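> With the sequence up front, the predicted model follows.
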Amino acid sequence: MRRYNTEVTPALEFDGISKRYQSFWGRKTVEALKDFSLAVEPGEIFGFLGPNGAGKSTAIYIALALIRPTRGHGRLLGAPFGDVAARRRVGFLAENVALYHRPVETLVRFYGALNRMRDPGLARRTREVLDTLQLSEYADRNVGKLSRGQLQRVGLAQALVNDPELVVLDEPTSALDPAARVAVRELLLALRERGKTVFLSSHLLSEVEAVSDRVAILVRGQLARVGKTSELLERSDEVHILARNAGGQGVRPQTGQNGLQEFRVPAAAQRQTIERIWSQGGEVVSVNPVRKSLEQVFLELTQHEKGDA
Amino acid sequence: MTPVLLIAGNFLREQRWFIFFLVLYVLVISSVYALTPRPEMQDFLFLIRQLTAFALLFSVSAASSAIYNERRSRRIVAVLSKGISRSEYIGGLLLGSLCISAISCAGLLAGALELRSQLHFPLQPVLALVATTLAAAVLINAIGLFFATLFHPLLAMVATAVVISVPFVLAGFFGSQALHTLAAAPLIDSLRNFSFSRSWSVPWLSIAMALAESLLFWLAAAWMFSRRDIAVAVE
């Protein structure tokens, strides 16, 4: 089980970041982020969720110094946002990736060279990432002639060519087919195995749920929830009781199979239900908090916020 | 230095068709003059003044539109998310635009060599003219890039033209000394009056001033660009 150490320097840290977009004459303003604070630990896969317009991409762009915050500050691999040397240790794939129309290998080399990589290391690393992302056969093909999914993989290749310590991915699998998605998921897990940090923004909640150690949900520019994925999915107000030989008067199971009965009761009624099972000669096999899918948590939070608005 | 060279090379690659047609134009127009049975010196002077003007105009227009085009296509996001500073990025664009001027000047030089056997003029003043053109190009492109960090390319071009025109307007009121308020003005004035006579001399002081002012405009452009939200739509 992963432990979260508050003394370790975060790989990515937002501290009270606010961002207000203004129209040219300042008549229209949109507050994309409001006093946003978050710390991503080294070596974890961090899922970053939120509905469209929640401010996810703004937060990422601020971290990479592509956008300036209106207020607040943050650190990327221990250095203030905007530090060029720190950005050399980061890989970034933007949503709707836009790349120059060049042969794939030349293009990946170009992005590696921008991070001051040199041959022969650059050539070796380029071949490695092309191989990992199954792009070797397209190495000489112009990027302009690739499919959307292939283009997305080239985007991943340019993000990984410098063997980054922190990988920031904004919708990395949006254009990929299921097989390619599985490959990317395995890639992310392999990166974590190698001690890399992955900051993953995605709308594919099942995917985030499958790989993330921790998750943050951003709603209307504010952090609505952050925590370990497993804890976030546990429903604290309901428990799931599995019992044998239960189901007498006053104790009615929801489902039952293989001689076991399942009960889903409010947490407050947990003790009472267990006592009733025992009093009727039943045996309690397990008691667990009810788990929700990330989708349920996400929808609850975002709809709750909509209701507030 | 490497990121600057990479950005410059990339800029030239993206402008390859523009450069191709520029070179083609220079070579065709020079060949037309060379093939004229009895070319006149006056015509040749008109040609090289025209080509120096093009060298400046084309490079500044390419430089001014570069940032806008990169932002609109969103390609700039992948570039600036790498370990590259905004000053290096602007430096790369400046170097790339200077290369366009240099290519144009190389065409001019090739045309001059082609015509030299018929018109019998010394080559040294042409080389001085190229040096003057390049110095003017550095400064004008730096001014253009500074405004391009703020405005739409068209507005940036207009703003650059206005800034360069100010010394000429001032000279109309306060005399020719006022031309030196911005080094681009005496350089353009020198290019406009280029001739093979002894009265034309290389404006070395203005060239030195132009390089110093270019440095200032490059720093100003880098500072201004570092304060811009470049991942925001430009439409």
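Ah, there it is.
> Show me which residues of the helix or strand where residue A:126 lies are buried.
Per DSSP states H and E: residue A:126 is located in helix A:121-132. Under the neighbour-count criterion of 16 or more other Cβ atoms under 10 Å in any protein chain shown, helix A:121-132 has A:122, A:125-126, A:129-130, A:132 buried. (Each C-beta comes from the backbone N, C-alpha and C, glycine too.)
> export those to a markdown table and tack on distance to chain B and pLDDT?
Formatted as a markdown table, those follow (distance: Cβ to the nearest Cβ, whole Å; pLDDT from 0 to 100):
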| residue | distance to chain B | pLDDT |
| --- | --- | --- |
| A:122 | 11 | 94 |
| A:125 | 14 | 95 |
| A:126 | 15 | 95 |
| A:129 | 15 | 94 |
| A:130 | 17 | 95 |
| A:132 | 19 | 90 |
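> thinking again about what came up before, which elements pack onto the helix holding residue A:126?
In terms of contacts (3 or more Cβ pairs under 8 Å, 6 or more residues apart in numbering or on different chains; DSSP states H and E), helix A:121-132 is packed against helix A:104-114, helix A:148-160.
> make it 10 Å
helix A:104-114, helix A:148-160, helix A:178-193 (3 or more Cβ pairs under 10 Å, 6 or more residues apart in numbering or on different chains; DSSP states H and E).
> can you tell me the residue of chain B closest to chain A?
residue B:83 (3.1 Å; Cβ to the nearest Cβ).
> C-terminal to the helix or strand encompassing residue B:33, what's the next element?
According to DSSP H and E, residue B:33 maps onto helix B:16-35. Where DSSP H and E defines the elements, the next helix or strand beyond helix B:16-35 is helix B:41-73.
> next one: that next one to chain centre, how far?
Offset of helix B:41-73 from its chain centre (Cα atoms, centre = their mean, to the nearest Å): 6 Å.
> For that helix, buried residues please.
Result for helix B:41-73 [16+ other Cβ under 10 Å]: buried residues B:44, B:47-49, B:51-52, B:54-68, B:70-71.
> try stretch A:184-200
Counting neighbours by 16+ other Cβ under 10 Å, stretch A:184-200 gives A:184-185, A:187-188, A:191-192, A:196-200 as buried.
> Let me know how buried the residue in the stretch 101-250 of chain A positioned nearest to chain B is, in neighbour terms.
Per Cβ to the nearest Cβ, the residue of the stretch 101-250 of chain A with the smallest distance to chain B is residue A:114, at 4.0 Å. Neighbour count for residue A:114, taken as other Cβ atoms under 10 Å in any protein chain shown: 27.
> OK, contacts around residue A:111?
A:91, A:99-100, A:117, A:126, A:154-155, A:157-162, B:6, B:78-79, B:81-82 (Cβ atoms under 10 Å, 6 or more residues apart in numbering or on different chains).
> Quick check, the residue of the stretch 101-250 of chain A closest to chain B in contact with residue A:100.
No: between residue A:114 and residue A:100 there is no contact under Cβ atoms under 10 Å: 11.7 Å.
> who touches both of these two?
With Cβ under 10 Å, 6+ apart, residue A:114 and residue A:100 have common neighbours B:10, B:78-79.
> Now neighbour count and secondary structure too, for those residues, in JSON lines please.
Shown next, in JSON lines, are the shared contacts of residue A:114 and residue A:100 (neighbours: other Cβ atoms under 10 Å in any protein chain shown; DSSP: H, G, I helix; E, B strand; the rest coil):
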{"residue": "B:10", "neighbour count": "21", "secondary structure": "helix"}
{"residue": "B:78", "neighbour count": "22", "secondary structure": "helix"}
{"residue": "B:79", "neighbour count": "21", "secondary structure": "helix"}
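> Of these, which ones also sit close to chain A?
B:10, B:78-79 (Cβ under 10 Å from any Cβ of the partner chain).
> Save those as a markdown table, and put in distance to residue A:288 and pLDDT too.
Below are those laid out as a markdown table (distance: Cβ to Cβ, whole Å; pLDDT from 0 to 100):
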| residue | distance to residue A:288 | pLDDT |
| --- | --- | --- |
| B:10 | 56 | 93 |
| B:78 | 45 | 93 |
| B:79 | 50 | 94 |
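> just those now: which is nearest residue A:273?
Ranked by distance to residue A:273 (Cβ to Cβ), those are led by residue B:78 at 56.3 Å.
> Tell me the residues of chain B that contact chain A?
So chain B meets chain A at B:2-3, B:5-7, B:9-10, B:13-14, B:70, B:72-89, B:226-232 (Cβ under 10 Å from any Cβ).
> Buried subset of those as a ChimeraX selection?
Remark: buried members of these, expressed as a ChimeraX selection using 16+ other Cβ under 10 Å:
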select /B:3,6,7,10,14,70,74,75,76,77,78,79,80,81,82,83,84,85,86,87,88,89,226,228,230,231
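> ok, which stretches of the chain are helices?
Picked chain A for this. With DSSP state H as the criterion, chain A has helices at A:56-63, A:84-87, A:104-114, A:121-132, A:148-160, A:178-193, A:205-211, A:229-233, A:270-279, A:294-308.
> Chain B, not that one
Taking DSSP H as the test, the helices found in chain B are B:2-14, B:16-35, B:41-73, B:75-80, B:86-119, B:124-148, B:153-174, B:184-192, B:204-226.
> I'd like the mean pLDDT over the last one, please.
Average pLDDT, helix B:204-226: 93.
> Show me what counts as buried in it.
Neighbour counts using 16+ other Cβ under 10 Å place B:206-207, B:209-210, B:213-214, B:217-218, B:220-222, B:224-226 of helix B:204-226 among the buried residues.
> Tabulate the CA atom coordinates of that helix in CSV.
Output of helix B:204-226 as CSV, limited to C-alpha atoms (Å, rounded to 0.1, in the frame of the first residue of the first chain):
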residue,chain,number,x,y,z
TRP,B,204,29.1,52.0,-39.5
LEU,B,205,27.9,53.9,-36.5
SER,B,206,24.3,53.3,-37.4
ILE,B,207,25.0,49.6,-37.9
ALA,B,208,26.5,49.4,-34.4
MET,B,209,23.6,51.4,-33.0
ALA,B,210,21.1,49.1,-34.8
LEU,B,211,22.7,46.0,-33.2
ALA,B,212,22.5,47.5,-29.7
GLU,B,213,18.9,48.6,-30.3
SER,B,214,18.1,45.2,-31.6
LEU,B,215,19.3,43.7,-28.3
LEU,B,216,17.1,46.1,-26.4
PHE,B,217,14.0,45.3,-28.5
TRP,B,218,14.7,41.5,-28.3
LEU,B,219,14.9,41.8,-24.5
ALA,B,220,11.7,43.8,-24.4
ALA,B,221,10.0,41.3,-26.7
ALA,B,222,11.1,38.4,-24.5
TRP,B,223,10.0,40.2,-21.4
MET,B,224,6.6,41.0,-22.9
PHE,B,225,6.2,37.5,-24.3
SER,B,226,7.0,35.9,-21.0
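> which residue packs closest to the closest residue to chain B within the stretch 51-200 of chain A, ignoring adjacent ones?
Closest contact between the stretch 51-200 of chain A and chain B, by Cβ to the nearest Cβ, is at residue A:88 (3.1 Å). Here the nearest residue to residue A:88 in space, its sequence neighbours aside, is residue B:83; by Cβ to Cβ, 6 or more residues apart in numbering or on different chains that works out to 3.1 Å.
> swap in residue A:43?
Residue A:43 sits nearest to residue A:195 (Cβ to Cβ, 6+ apart), 5.2 Å away.
> What of residue A:140?
Using Cβ to Cβ, 6+ apart, the nearest residue to residue A:140 is residue A:103, at 5.2 Å.
> Do I have it right that the one you found meets residue A:109?
Yes: proximity of residue A:103 to residue A:109 meets the contact threshold set by Cβ under 10 Å, at 9.5 Å.
> out of these two, which sits in the busier spot?
Taking neighbours as other Cβ under 10 Å, residue A:103 and residue A:109 compare with residue A:109 leading, 21 against 15.
> For that one, give me its contacts.
By Cβ under 10 Å, 6+ apart, the neighbours of residue A:109 are A:102-103, A:117, A:119, A:122-123, A:125-127, A:158, A:161.
> roughly how far out does stretch B:167-184 sit from the chain middle?
Using Cα atoms, centre = their mean, the offset of stretch B:167-184 from its chain centre is 20 Å.
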